Each structure stands twice: as structure tokens, then as C-alpha cells.
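A.B. asks: quick one, fold the following:
(one chain, ligands or ions: 3)
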Amino acid sequence: MLKVLMVYFSGTGVTRYFASLIQDEMDKRGYSCDSINLEELVDLPTLWQKGPVALHYTIRAEVKRPLGKYPWPYLDLNTARQAANENPLLSSLKKDWGDYDLIGFGSPVYSFRPAPVMIRFLLDLPVFDKKIRAFSFATHDGAQGDYEAFMNDLLSSKGFRYVGHLDQSFIYSATAIMRSSFDHLKTGRLLVKKSFQARKNIFLFLEFIHSLFYGIPYWYKGTNWLEKMVGIPYRLMYSYGVDFMLNHLLFGFGIHKDECIQCMTCVQQCPQGLIEHDDDGYPVRYYHCMYCLRCLNWCPTNALYFSNLTKGKARFPGPEVLLDAAMQDSIDERLKSDR
Ligand SMILES: Cc1cc2nc3c(=O)[nH]c(=O)nc-3n(C[C@H](O)[C@H](O)[C@H](O)COP(=O)(O)O)c2cc1C
Ligand code: SF4
Ligand code: SF4
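C.D. replies: Ligands and ions are numbered 1, 2, ... in the order given. Sure thing, here's the model as predicted:
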């Protein structure tokens with residue numbers, strides 16, 4: 001029986017949901033699968049604040065919009081990679097993970113790369129001498145750039161034997177914050193549809209994994225070249241779109257004080273531990289972040305915004321709420337037709 005571990009980071013729940021689908025398919029095959037959220041595995045703020053890694057979009061934010069207080073200088077990605085060293089906080093993982101046959105690492109795609117906190121975590125790992133097989137997985141909105149190559153490179157440098165990548169574009173969760181309204185039912189239905197697609201992809205990927213371990217030949221075709229060619233103009237548009245959005249429209253951290261109930265959800269939820277409260281008890285962020293959008297989406301009163309574009313706009317409620325909406329609708333439909 002294969003012993004599998006999946007470690008994932010999820011900003012607003014989509015990657016967590018994808019990990020649960022993968023786990024489900026693994027359980028069906030009788031694999032023993034553990035799945036863990038990176039935030040439960042390590043104290044992410046401590047890890048992050050010891051060595052924040054700058055992706056392009058965070059560098060641009062720093063240069064263009066200094067926030068005034070810089071307690072931890074960023075390392076650009078190349079410097080961070082060269083300086084990568086085993087973090088004593090993670091040394092025990094070498095022993096803890098020794099029994100696994102396969103380990104998956106998953107994250108949302110942020111600006112064509114894994115989320116900066118996942119990069120930080122991977123850079124801090126010890127080098128594994130037992131060549132454990134590893135795969136990467138991701139959720140995104142359709143343009144994952146060099147995420148897979150990046151993971152392959154990084155995991156191989158930590159001694160893993162990289163075997164492949166699994167990804168799924170689900171729903172446009174990241175752009176919800178710019179829409180005036182969010183249709184729970186419609187998006188819930190789309191999520192159900194995408195989940196079928198995801199299960200099909202997971203099934204094919206697991207057939208490939210099975211062949212790796214049990215020697216039954218199976219040709220896994222990870223890349224559909226036709227789809228890839230057709231997708232190029234879309235991806236180019238998307239990459240400039242994301243770049244523009246992040247550069248000009250989203251950086252910032254604003255608060256409608258009259259709407260804030262000082263519940264501190266945002267302070268507790270920030271995976272990078274960057275939100276503090278000021279002397280009057282209102283949240284404040286002095287330092288640029290990775291823009292995972294969790295504080296915005298999870299604020300119960302919609303008091304937070306990043307720019308004028310996101311003021312008073314819709315918020316992404318998380319996959320579970322959307323699935324509930326779709327489920328409730330199908331129950332209502334059935335009850336109606338029974339009557
Ligand atoms: C800062 C940021 C950057 C993003 N960059 C990309 C990107 O380059 N390509 C893409 O396809 N999706 C991009 N997205 C969309 C996310 O990958 C997508 O919404 C993902 O499913 C979110 O997963 P989560 O709910 O687990 O955080 C970005 C989202 C954010 C917040
Ligand atoms: S401040 Fe908000 S968007 Fe930035 S990392 Fe923290 S929770 Fe995510
Ligand atoms: S989550 Fe919203 S209401 Fe709660 S403290 Fe933060 S900004 Fe205020």
C-alpha cells in the first residue's frame with residue numbers, strides 16, 4: 001500500500017479543496033494518504049519573517065509603494081535560492097517524512113510561481129538523502145507559467161525525485177474582489193463542473209503514479225500540445241492582465257473604520273502574520289504581503305479593501321459555501337419536481 005503525504009498552502013480555500021479531491025481519489029485506491037495544511041505544519045509567520053522572498057509583483061510593490069516600516073528586508077528570488085539553507089525548525093522532517101513513498105506539494109499559482117510562503121518553506125527544507133518521490137500540484141485561473149518547472153527544480157535540489165505535476169483551473173476566485181456582485185449559485189455550479197474535470201485529471205495522474213510504483217506501463221500525457229498552442233494568446237493576455245492588475249489596481253491595504261467591528265479575524269488569519277492592530281484597535285499592515293486575499297475575503301463586514309477598485313465590491317466566500325449553494329439548489333429543484 002502506498003504511503004502518501006500531501007502538504008499544501010491555500011490562500012482562500014481552492015487549493016485546500018483540490019487537495020481534498022486528490023486525497024479522496026487516493027483513499028478510493030486504498031493508498032494511505034495524509035494531507036496537511038502548511039499553516040498547521042509550521043509557524044508560517046516565523047518562517048516568513050526570517051527570510052521573506054520577493055517575487056516580481058512584490059518587488060514592484062516595495063519600490064512603488066513603500067509602506068514606511070521595513071522590519072524584514074526581502075530577498076530577491078535568486079539570492080534567496082543561493083542562500084537557501086536547512087532551517088533548524090524543519091530539521092525533524094527528514095526523519096518524520098522518511099516513511100513516505102510519495103510526497104505532494106501544492107499551492108495556488110501567484111504570478112506564475114508557487115505562493116511565496118510555499119517557496120520559503122521549500123527553501124528551508126533539509127536535503128533528503130533518501131530519494132523520496134515527489135509531485136507538485138496547483139490551482140490557478142488558467143495561466144500557471146513556469147510553476148511546474150520551478151517546483152521540479154526546487155524539489156530536485158532538496159533531494160526529491162520529482163515525478164510530475166497535477167493542476168486544475170477552477171473558478172476566478174481572485175477577481176471576485178473587483179466585481180460588484182458574486183453569484184453564489186452560478187459559481188457553485190461551475191465549481192461542481194470543474195470538480196468533475198479535476199477528478200478525471202486526478203484519476204489519470206494516479207494511473208501514472210500507480211505505474212511508477214507497480215511497473216504496469218501507463219503513458220501519462222501531462223501536456224495537451226494542441227490546447228497549449230490555442231491557449232498561448234489567452235495566457236499572454238492573462239499574464240499582462242495580472243501584471244497590470246497587481247501593479248496598478250490592487251496594492252494597498254485600506255480600511256473603512258466605521259465598518260470594522262475589531263473582530264481581529266484578519267489579524268489571526270494572515271498566513272504571513274503581517275497585520276497588527278494600531279493603538280485604537282484597528283488593523284494595520286506596515287509591510288507588503290503576497291496578496292493571498294484571505295483578509296479581504298474573510299472579513300465579516302467587508303471593511304477591508306486593497307484599492308478603490310475593491311472598495312465595497314464582492315468577496316469570494318470559499319469553495320464550501322459555493323458547493324452548499326449548488327447542493328441546496330439541486331435539493332430545492334428535486335423537491336419542486338416531486339410536488
Ligand atoms: C496575487 C495573486 C496572483 C495570482 N497569479 C495568478 C497567475 O499568475 N496565474 C493564474 O492562473 N492565476 C493566478 N492567480 C489566481 C489563483 O491562482 C487562483 O485563484 C487560485 O485557485 C487560488 O487558490 P487558493 O484559494 O488556494 O488561494 C493569482 C491570485 C493571486 C491572489
Ligand atoms: S495581509 Fe491579507 S492578503 Fe496579505 S498575506 Fe495577509 S491575509 Fe493575505
Ligand atoms: S476582519 Fe474586518 S471587521 Fe474584523 S478586525 Fe479585520 S477589518 Fe475589522
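A.B. asks: list the buried residues in the host helix or strand of Gln197.
C.D. replies: Following DSSP states H and E, the helix or strand that holds Gln197 is helix 184-214. In terms of neighbour count (16 or more other C-beta atoms under 10 Å), helix 184-214 has its buried residues at 184, 187-191, 194-195, 198, 201-202, 205-206, 208-209, 212. The C-beta positions use only the backbone N, C-alpha and C, and glycine is treated the same way.
A.B. asks: what does stretch 42-52 rub up against?
C.D. replies: Applying C-beta atoms under 8 Å, 6 or more residues apart in numbering, the contact partners of stretch 42-52 are 38, 71-75, 80, 83, 87, 89-90, 116-117, 120-121, 123-124, 270-274.
A.B. asks: beta partners for the residue nearest to Gln144 when sequence neighbours are not counted?
C.D. replies: Nearest residue to Gln144, sequence neighbours excluded (C-beta to C-beta, 6 or more residues apart in numbering): Val109, at 4.6 Å. For Val109, the beta-bridge partners under DSSP bridges are Pro114.
A.B. asks: right, and Val109 touches Ala138 too?
C.D. replies: Yes - at 5.2 Å, Val109 counts as touching Ala138 under the criterion of C-beta atoms under 8 Å.
A.B. asks: joint contacts of those two?
C.D. replies: In contact with both Val109 and Ala138: 144, 147, 167, using C-beta under 8 Å, 6+ apart.
A.B. asks: most surrounded residue in the residues you listed?
C.D. replies: Neighbour tally across the shared contacts of Val109 and Ala138 (other C-beta atoms under 10 Å): the maximum, 23 neighbours, falls on Tyr147.
A.B. asks: that one reaches Arg113, doesn't it?
C.D. replies: Yes - the criterion here is C-beta under 8 Å, and Tyr147 meets it with Arg113 at 6.1 Å.
A.B. asks: so how far is Tyr282 from Asn302?
C.D. replies: According to C-beta to C-beta, to the nearest Å, Asn302 stands 15 Å off from Tyr282.
A.B. asks: spatially central residue for the protein, please.
C.D. replies: Pro108 (2.5 Å; C-alpha atoms, centre = their mean).
A.B. asks: please tell me how far it sits from Gln144.
C.D. replies: Pro108 sits at a distance of 10 Å from Gln144 (criterion: C-beta to C-beta).
A.B. asks: which neighbours do these two have in common?
C.D. replies: Common contacts of Pro108 and Gln144 (C-beta under 8 Å, 6+ apart): Ala138.
A.B. asks: is the closest residue to Ala80 other than its chain neighbours in a bridge, and if so with what?
C.D. replies: Sequence neighbours aside, Val53 is the residue nearest to Ala80 in space, at 4.6 Å (criterion: C-beta to C-beta, 6+ apart). Val53 has these beta-bridge partners by DSSP bridges: Leu75.
A.B. asks: could you report the pLDDT at the residue nearest to Gln144?
C.D. replies: For Val109, the model assigns a pLDDT of 93.
A.B. asks: check contacts around it.
C.D. replies: Taking C-beta under 8 Å, 6+ apart as the criterion, Val109 is in contact with 138-141, 143-145, 147, 167.
A.B. asks: what's the neighbour count on the residue nearest to Ala80?
C.D. replies: 22.
A.B. asks: how much space separates it from ligand 3?
C.D. replies: Computed as C-beta to the nearest ligand atom, to the nearest Å, the Val53 to ligand 3 distance reads 26 Å.
A.B. asks: check Ser156 too.
C.D. replies: Applying C-beta to the nearest ligand atom, the value for Ser156 to ligand 3 is 40 Å.
A.B. asks: swap in Glu259?
C.D. replies: Taken as C-beta to the nearest ligand atom, the span from Glu259 to ligand 3 is 7 Å.
A.B. asks: quick check: that residue touching Asn302?
C.D. replies: Yes - in this structure, Glu259 is within contact of Asn302 by C-beta under 8 Å, at 6.7 Å.
A.B. asks: more crowded one of the two?
C.D. replies: More crowded of Glu259 and Asn302, by other C-beta under 10 Å: Asn302, with 18 against 13.
A.B. asks: the residue in the stretch 1-150 of the chain that ligand 2 sits nearest to: what secondary structure?
C.D. replies: Proximity of the stretch 1-150 of the chain to ligand 2 (C-beta to the nearest ligand atom) peaks at Gly11, 6.4 Å away. Under DSSP: H, G, I helix; E, B strand; the rest coil, Gly11 falls in the coil class.
A.B. asks: next up, the contacts around it.
C.D. replies: Counting by C-beta under 8 Å, 6+ apart, Gly11 makes contact with 108, 115, 271, 292-294.
A.B. asks: check Phe135 too.
C.D. replies: With contact set as C-beta under 8 Å, 6+ apart, Phe135 has these partners: 102-105, 162-166, 205, 209.
A.B. asks: how far away is it from ligand 3?
C.D. replies: 35 Å.
A.B. asks: before we move on, what about Lys200?
C.D. replies: Computed as C-beta to the nearest ligand atom, the Lys200 to ligand 3 distance reads 38 Å.
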